[in-house]
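Colleague: got a predicted structure here, sequence first:
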Amino acid sequence: DGSPDRLALAAGLTEVSVLDYEEGSFLNLVAHVNYPEDDGIVQIEELGLNVAADGVVVVGAKIEAIMDRRADRTSLDLLSRVLADVYMDSAKMLHDLCSPLQAQILDVVYAGDALNRRPFLVLLAA
């Protein structure tokens, strides 16, 4: 809106903040994701990430609603769509945060297909 105390992020940008880290051990991040979505989809996405030194990445998100359903009344097929979206967004974001050397190593290890490496997905629901 042009006011000096506001910053509008263009679609495709993500704001990442470091919450905590221990050099050589882990890194905790929070990300406000603003990747473009299809027409008619409104998505407010904030992810917490823990990246361990051994390469394990844990992503957390609190789901309040999916489409027209509250989180306590959603279906597994809607939840699986969100899970796939969270995986793709977090993988792209982490790839963008890698140094050129790290990205090159990932491309060598995954034969040029680092963004499509097979994850292990675990869903915890309360």
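Modeller: Cool, the structure landed.

Colleague: what segments of the chain are helices?
Modeller: Here the chain has its helices, by DSSP state H, at 76-97, 100-109.

Colleague: which one of those helices is the most hemmed in?
Modeller: Stretch with highest mean neighbour count among the helices of the chain: helix 76-97 (a mean of 15; mean count of other CB atoms under 10 Å). All C-beta spots, glycine's among them, are computed from the backbone N, C-alpha and C.

Colleague: and the residue nearest to the spatial centre of the chain, how far is that from G40?
Modeller: The centre of the chain sits closest to S90, judged by CA atoms, centre = their mean, with a distance of 2.6 Å. Distance, S90 to G40, by CB to CB, to the nearest Å: 23 Å.

Colleague: same deal with V59?
Modeller: According to CB to CB, V59 and G40 sit 25 Å apart.

Colleague: compare the two (neighbour count), which wins?
Modeller: Higher neighbour count among V59 and G40: V59, with 21 against 5, using other CB atoms under 10 Å.

Colleague: how about the nearest residue to the more buried one, chain neighbours excluded?
Modeller: Nearest in space to V59, with sequence neighbours left out and distances taken as CB to CB, 6 or more residues apart in numbering, is S90 at 4.8 Å.

Colleague: what do you get for L79?
Modeller: In this structure, L79 finds its nearest non-sequential neighbour in I66, 6.9 Å apart by CB to CB, 6+ apart.

Colleague: in the sheet, who's paired with that neighbour?
Modeller: Following DSSP bridges, I66 is listed with bridge partners R69.

Colleague: run through the chain and note the low-pLDDT ranges.
Modeller: Within the chain, the ranges that satisfy pLDDT under 70 run 1-12, 35-37, 41-43, 126.

Colleague: go again using 90 as the cut-off
Modeller: 1-17, 31-47, 54-57, 60-100, 102-126 (pLDDT under 90).
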